[in-house]
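1. A predicted structure for the sequence below; I have some questions about it.
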Amino acid sequence: MTDYNRDFMDLQVIGGLLQPFLTNSVLSEGQLQQLSSYLDLLLRWNTRVNLTSVRQPEEIVTRHFGESLFAAQHLFSFPSRAQTRSSERLIDLGSGAGFPGLPIKIWMPDLEITLIESNQKKATFLREVIRKLGLSDAAIFPGRAEDFENRAETVTLRAVERFEKSILVAARLVAANGRLALLVGEAQVEQAIKAVTRFEWSVAIHIPLSANRVLLVGTATHPHRNQID
């Protein structure tokens, strides 16, 4: 296995890299430690399983962890809301290396999450991260999202292939009055809004340190539209 140098990436450095994404929020030492362990696993596994094309630790922290935590604080921004919605479920479709689902789980530990990932090697990696980090109420569905029958109050979608089809599958997994959170390029915003008409869409929010990446959140209002077989 290829060696890599992580000596300089201590918790303080990771926290500093993430700060631009966390408005008026600070990660606890425990959360930073979980993210550090996650980063170690990702770098180690990425030498033999293609989890991400990003190789530099700093860029992984900002592009993957930062973007995911940016979504987390907007979806679950207030402690009072987090407490009242502690039983809320989240589905991360096409989770890949676990983004944004696992950082969101670290942000909100009481959240019940399911990571949908059909690639078996990536699914195995996700199980290892969950085990190493000691995350409870975190499950893997190692199959096609079309075959997943449950729904959730929040569904996330980021960096998936065949976006046009994936967004329709994701919309089907959203519970009544639930939310679909998309981490996409600006060019995909109009495409998403036109594809899923049963959602009321918020104004896209620019993601810090990115050229054209945004967070787009839609709320399900008409449960019988845009269903697919």
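-> Received, thanks. Numbers count the residues shown, from 1 in each chain.

2. For this protein, spot the helix or strand the model is least confident about on average.
-> Each helix and strand of the chain was given a mean pLDDT (mean pLDDT, DSSP states H and E); the minimum falls on helix 79-84 at a mean of 44.

3. For the residue nearest to G66 when sequence neighbours are not counted, give its distance to A211.
-> Setting aside the residues directly before and after it, G66 is nearest to F21 in space (C-beta to C-beta, 6 or more residues apart in numbering), at 4.1 Å. In this view, the C-beta of every residue, glycine as well, is placed from N, C-alpha and C. Computed with C-beta to C-beta, to the nearest Å, the distance linking F21 and A211 is 15 Å.

4. Pick out whichever of the two has more residues nearby.
-> Using other C-beta atoms under 10 Å, the more surrounded residue of F21 and A211 is F21, with 21 against 8.

5. Just to check, that one is in contact with H64?
-> No. Checked against C-beta atoms under 8 Å, the pair F21 and H64 is beyond contact range at 11.0 Å.

6. residues contacting R213?
-> With contacts taken as C-beta atoms under 8 Å, 6 or more residues apart in numbering, R213 has the following neighbours: 67, 183-186, 206-207.

7. Among these, which lie within strands?
-> Of the positions in the contacts of R213, 183-185, 206 sit in strands, assigned by DSSP state E.

8. For PyMOL, write a command that selects the buried ones of those residues.
-> Isolation of the buried members of the ones in strands among the contacts of R213 (16 or more other C-beta atoms under 10 Å) is achieved in PyMOL through the command below:
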select buried, resi 183+184
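
9. Save the ones in strands among the contacts of R213 as JSON lines, and put in pLDDT too.
-> Putting the ones in strands among the contacts of R213 into JSON lines (pLDDT from 0 to 100) gives the following:
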{"residue": "L183", "pLDDT": "98"}
{"residue": "V184", "pLDDT": "97"}
{"residue": "G185", "pLDDT": "95"}
{"residue": "H206", "pLDDT": "98"}
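
10. ok, now how distant is E67 from D40?
-> Distance from E67 to D40, by C-beta to C-beta: 20 Å.

11. Could you check which of these two is surrounded by more residues?
-> When neighbours are counted by other C-beta under 10 Å, E67 comes out ahead of the other of E67 and D40, with 23 against 15.

12. wait, that one sits on S210?
-> Yes. Using C-beta under 8 Å as the test, E67 is close enough to S210 to be in contact (7.4 Å).

13. helix/strand/coil for I113?
-> strand (DSSP: H, G, I helix; E, B strand; the rest coil).

14. what's the next secondary structure element after the least confident helix or strand of the chain?
-> If you walk from helix 79-84 toward the C-terminus, the next helix or strand you reach (DSSP states H and E) is strand 89-93.

15. Apart from its neighbours in sequence, what residue is nearest S166?
-> By the measure of C-beta to C-beta, 6+ apart, the closest residue to S166 outside its immediate chain neighbours is V160, 4.5 Å from it.

16. tally of neighbours for the one you found?
-> Based on other C-beta under 10 Å, the number of other residues close to V160 is 18.

17. Now do the contacts for it.
-> 93-94, 166.

18. ok, it to A71 distance?
-> The span separating V160 from A71 equals 15 Å under the rule C-beta to C-beta.

19. Enumerate every residue touching the residue most central in space within the chain.
-> With the centre of the chain defined as its mean C-alpha position, the nearest residue by C-alpha atoms, centre = their mean is P100, 1.3 Å away. The neighbours of P100, taking C-beta under 8 Å, 6+ apart as the test, are 67-68, 71-72, 92, 156, 158, 181, 183.
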